[in-house]
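Enquirer: Build me a structure from this.
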Amino acid sequence: MTWKKTSEKWVIPRNMLLQVLIPTLISSAALSLSNIADAVTVGQRLGEKALAAIGIVTPIYLFYNVIALSFGIGGSIVHAQLCARREELLTPALFRKIAFWTGGISLFLILAGNLFPDFLLRLLAASEEDPELWTMCRQYARPLLTASPILLFSYMLYYFVQNDDDPRRAAQAMTAGGILDVVLNILFVLVAGWGVRGAALATITAQAVSLGILTVHFFSAKGTLHFRVIFGVKDDRPQEIRRYFRISFRMGFASSIGYVFQFCSQLLMNHLLMWAGARELIPGTLYVAVYDLTLNISYLAMPVYSAIGDAMQPAVATFSAERDQESLHMVEKMSLQLGIALGTLVAAVLAILARPAALFFGFREETQLAVAVPAIRIFLISAPLTGILSILLRYCQARGETWYTFIATALREAVCLIPFTLFFGLRDPARIWWVFPLTAALSLLIFQLFLWTRKMKDAFKNVRACRIVMTNNNRELATALAQVEEFCDENRIPPGKAAQIQLGVEELCAVTMQKAFTGRKDEYIQIVLVIEPGPQYVLHIRDSAPFFNPLDLRMEKAQKDMEASIMDSIGVMMVRRQSKFIDYRNYQGFNTMTVVYE
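Expert: Here you go, the predicted model:
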C-alpha cells in the first residue's frame, strides 16, 4: 500500500478520504468497545448462560441496524448528492419525512415489546424449559425495545451528521457513547451486580449521550441541516420529496438487506443450536454462547472495514454527482488497499490472541475453551473477505448503484449463508463455524461477477469529461487552459460557449491562486468539466486553500477599494453573468465552485 508523493493528480480525492477516515476509525473503535462491553462484563460476572441470553436477544440489534441503515445511510447519501447538485432546499423536507417514519417504527417497537414480550422471546429462540435463561433474555430484551427511539435515532443521525459536513462531531458522538458504555457496564454489571438488565441500561444511557451530542449539530453553523431550516422550510415540492424518499430508502435498504438476512440466519442459528442441544448432539447453551463470542470478535475485526466504508461515502457521493470517474476509481482503489492491509493485520493479531480473548469473555473451563478458541480462528479466516466485500458494497451504494448492492447482498445471504447454516446445523453442528469462511469466499466470488458486469455497463462509460489537477503555478494554469480548449474542440462545443468556459476556468483559478493560496507546496486545484444532457456544460473547481469564496470578492471590492485589484472583481462578475448558474460551498475542508453553462 504505497502512494507516490509526486502523484499530485490524486491529492484531493486522497485527502478527502483520509481526513474523514481518521475520526471515523476512532469512532468505529469506540463503537466496537461499546458493542463488546455487554458480553465481556456479563460473561465475566455471570458466565456461559448469560452470554447465551445476550446471543439470543442480539437479533434485536440487527433489526435496529436494518432501520437505521435503510433511513440513515440512504437518506444521508441522497442528502450529500442533493447538496453537491446545489439542491439543498429539498433536504429539510426529506429529513422530516425520514424522522417521521423512524419515530413511527420506534412507537411500534415500544408497544410490541411491552404488550407481547413472551411471543417475541419465543421468536428469538428462548425457551421456558430453562427458567434462568428465559428470565435473563426477558431482562435484556425488554429495556432495549422500550428505548427503541433512543437507539434508532442515535444510529440514524450518525450518518446524517457525518454526511452533512460534520464528520468530527459524528466521531465524537460515537466515541463518547462507546467509552461511556464500557464504563457504565463496569459500574452496572460488575460493581452494582445488576446482571443483564444492567448491561442493557448501560447501552441505552450511552446511546442517549451520543444522541445528545449529535443533536448539537442541528444548532451549529456546520452543514445545511439546522432545526430552524428543517422546521422552517415548507414542503412545496411534495412529489420530488416522495421520489427522493423512495430513492433513499431503496438505497439504504440495499445496504441493510445484509442485516435482514443476518437477522434471519442468526435466528436460524440460535434455533438450530438449541435444537441440537436438546437432542444432546452438542452442548446447546455453550454453542449459543460461543456463537455470540464470534459475533463479538467480529466487532473487533470488522470496524476497520466499516470505518473505511463510512469515510469514502461522502467523497464517492460527491464525485459521482460530479461525474468524476477518475477520482471515483482512485477512492475505490485506496479504500481497498487500506482495508486489506489494516484488516488482515487486525485479523492476524486476534487469531494469535484467540485463547486470551476467550478467557476475556468469561470462558474459563477447558471444555469451553476447546470449543471457543477454534471457533474464533475459523471465523477470522472470513474477516478479510467479508471486509473487502463490505467496502465494495458501500462504494456501489454511494454511487447510487442500489441494484448491484441489493442483488449481491441477497445472493450472498440467501445463496450462501442460510443454506450453509442449514447444512451444518442439521448434519454436523459441531463444525458449524465453517459457515463463516465458506460464505465469505463464495459471496465475494459472486459479487466479483457483478462488478465485471457493472464495468461493462458503467453508467459513466459514455460521459464526456475532462479532469485536470494543477498547483499554484501560472505555467500550469496555462497548460490547464490549453487542455480545456482541446477538450472543447474535440467535443465540438460552440466556440462562443468554449470561450466562456475557458474564461471561467482562468478567472476562478487565477483569483484563488492570488487571493487564497499562501505559497505552500501542498496547494492544489482540481478542475472537472463535464458535458451533461441538454447539452449543459458543468464546471467543478475544487481547491485546497483555506476558506475562500470568489463570489464574495466582488462585493468586498465594490465597498472597500474600487481601484485596487478591480480586474479580479470584473473577471468574476463576467463569469457570473455568462453562466446559467454559479455557486460556492466549502465541503470536507475544500472550496468548491460549480458553474453551469447552457
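Enquirer: Tell me which residue is most central in this structure.
Expert: residue 310 (3.1 Å; Cα atoms, centre = their mean).
Enquirer: ok, that one touching residue 28?
Expert: Yes: shown here, residue 310 and residue 28 form a contact pair, counting by Cβ atoms under 8 Å, at 7.5 Å. Bear in mind the C-beta positions are built from the backbone N, C-alpha and C, glycine included.
Enquirer: part of a strand, is residue 469?
Expert: Yes: under DSSP: H, G, I helix; E, B strand; the rest coil, residue 469 falls within a strand.
Enquirer: Is it bridged to anything, and to what?
Expert: Following DSSP bridges, residue 469 is listed with bridge partners residue 526.
Enquirer: Could you check the pLDDT of the closest residue to residue 218 other than its chain neighbours?
Expert: Spatially, and ignoring its direct neighbours in sequence, residue 218 is nearest to residue 227 (4.7 Å; Cβ to Cβ, 6 or more residues apart in numbering). Looking at residue 227, its pLDDT is 79.
Enquirer: Next up, identify which helix or strand residue 63 is on.
Expert: helix 59-68 (DSSP states H and E).
Enquirer: go on, residue 586?
Expert: Take DSSP H and E as the rule and residue 586 turns out to sit in strand 581-587.
Enquirer: same for the following helix or strand past that strand, what does it pack against?
Expert: Moving toward the C-terminus from strand 581-587, the next helix or strand (DSSP H and E) is strand 590-597. Other helices and strands packing on strand 590-597, by 3 or more Cβ pairs under 8 Å, 6 or more residues apart in numbering; DSSP states H and E, are helix 495-515, strand 536-543, strand 581-587.
Enquirer: Would you format those as CSV with mean neighbour count included?
Expert: CSV is the format used below for those (neighbours: other Cβ atoms under 10 Å):
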stretch, mean neighbour count
helix 495-515, 18
strand 536-543, 22
strand 581-587, 16
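Enquirer: What number of neighbouring residues does residue 88 come out with?
Expert: For residue 88, the count of nearby residues is 20 (other Cβ atoms under 10 Å).
Enquirer: Would you confirm that it contacts residue 229?
Expert: No: taking contacts as Cβ under 8 Å, residue 88 lies outside contact range of residue 229: 9.1 Å.
Enquirer: how about residue 447, what does it touch?
Expert: Applying Cβ atoms under 8 Å, 6 or more residues apart in numbering to residue 447 gives the contacts 389, 392, 393, 408, 411, 412.
Enquirer: who wins for neighbours among those?
Expert: Result: residue 408 is most packed of the contacts of residue 447 (other Cβ under 10 Å), 27 neighbours.
Enquirer: If we ignore the residues flanking it in sequence, what's nearest residue 412?
Expert: residue 443 (3.5 Å).
Enquirer: how much space between the one you found and residue 310?
Expert: 21 Å (Cβ to Cβ, to the nearest Å).
Enquirer: ditto for residue 480
Expert: Applying Cβ to Cβ, the value for residue 480 to residue 310 is 33 Å.
Enquirer: what about the helices in the stretch 201-350 of the chain?
Expert: 227-230, 238-278, 284-301, 303-321, 325-352 (DSSP state H, counting those that start in this stretch).
Enquirer: roughly how far out does stretch 201-211 sit from the chain middle?
Expert: 21 Å (Cα atoms, centre = their mean, to the nearest Å).
Enquirer: isn't residue 167 right up against residue 24?
Expert: Yes: counting by Cβ under 8 Å, residue 167 touches residue 24, with 6.5 Å between them.
Enquirer: anything in contact with each of these two?
Expert: Residues within reach of residue 167 and of residue 24 at once, by Cβ under 8 Å, 6+ apart, are residue 311.
Enquirer: Just the buried residues of the helix or strand where residue 120 lies, please?
Expert: In this structure, residue 120 sits in helix 117-123 according to DSSP H and E. Neighbour counts over helix 117-123 (16 or more other Cβ atoms under 10 Å) mark 120, 121 as buried.
Enquirer: Could I get the average pLDDT for it?
Expert: On average, helix 117-123 scores 89.
Enquirer: for whichever helix or strand comes after that helix, packing partners?
Expert: Proceeding N to C from helix 117-123, the next assigned helix or strand is helix 131-146, under DSSP H and E. Contact analysis of helix 131-146 by 3+ Cβ pairs under 8 Å, 6+ apart lists helix 48-57, helix 59-68, helix 91-115, helix 117-123, helix 195-216 as its packing neighbours.
Enquirer: what is the orientation angle of helix 131-146 with helix 59-68?
Expert: 20 degrees (axes from the mean of the first three to the mean of the last three Cα atoms, to 10 degrees).
Enquirer: For helix 131-146, list every residue counted as buried.
Expert: 133, 134, 136, 137, 138, 139, 140, 141, 142, 143, 144, 145.
Enquirer: Same question for stretch 189-208.
Expert: Neighbour-count burial for stretch 189-208 flags 189, 194-208 (criterion: 16+ other Cβ under 10 Å).
Enquirer: just curious, which of those is nearest to residue 240?
Expert: residue 207 (33.0 Å; Cβ to Cβ).
Enquirer: picking that back up, count of residues packed around the residue nearest to residue 412?
Expert: Residues near residue 443, counting by other Cβ under 10 Å: 23.
Enquirer: same thing with residue 355?
Expert: 14.
Enquirer: Figure out the helix or strand that residue 442 lives in.
Expert: Using DSSP H and E, residue 442 falls in helix 435-456.
Enquirer: Now do that helix: distance to the chain's middle.
Expert: 20 Å.
Enquirer: So which bits of it are buried?
Expert: Across helix 435-456, burial judged by 16+ other Cβ under 10 Å covers 435-440, 442-444, 446-447, 450, 454.
Enquirer: how about the buried residues of stretch 189-208, which pair is most distant?
Expert: Between all members of the buried residues of stretch 189-208, the farthest pair (by Cβ to Cβ) comes out as 195 and 208, at 20.7 Å.
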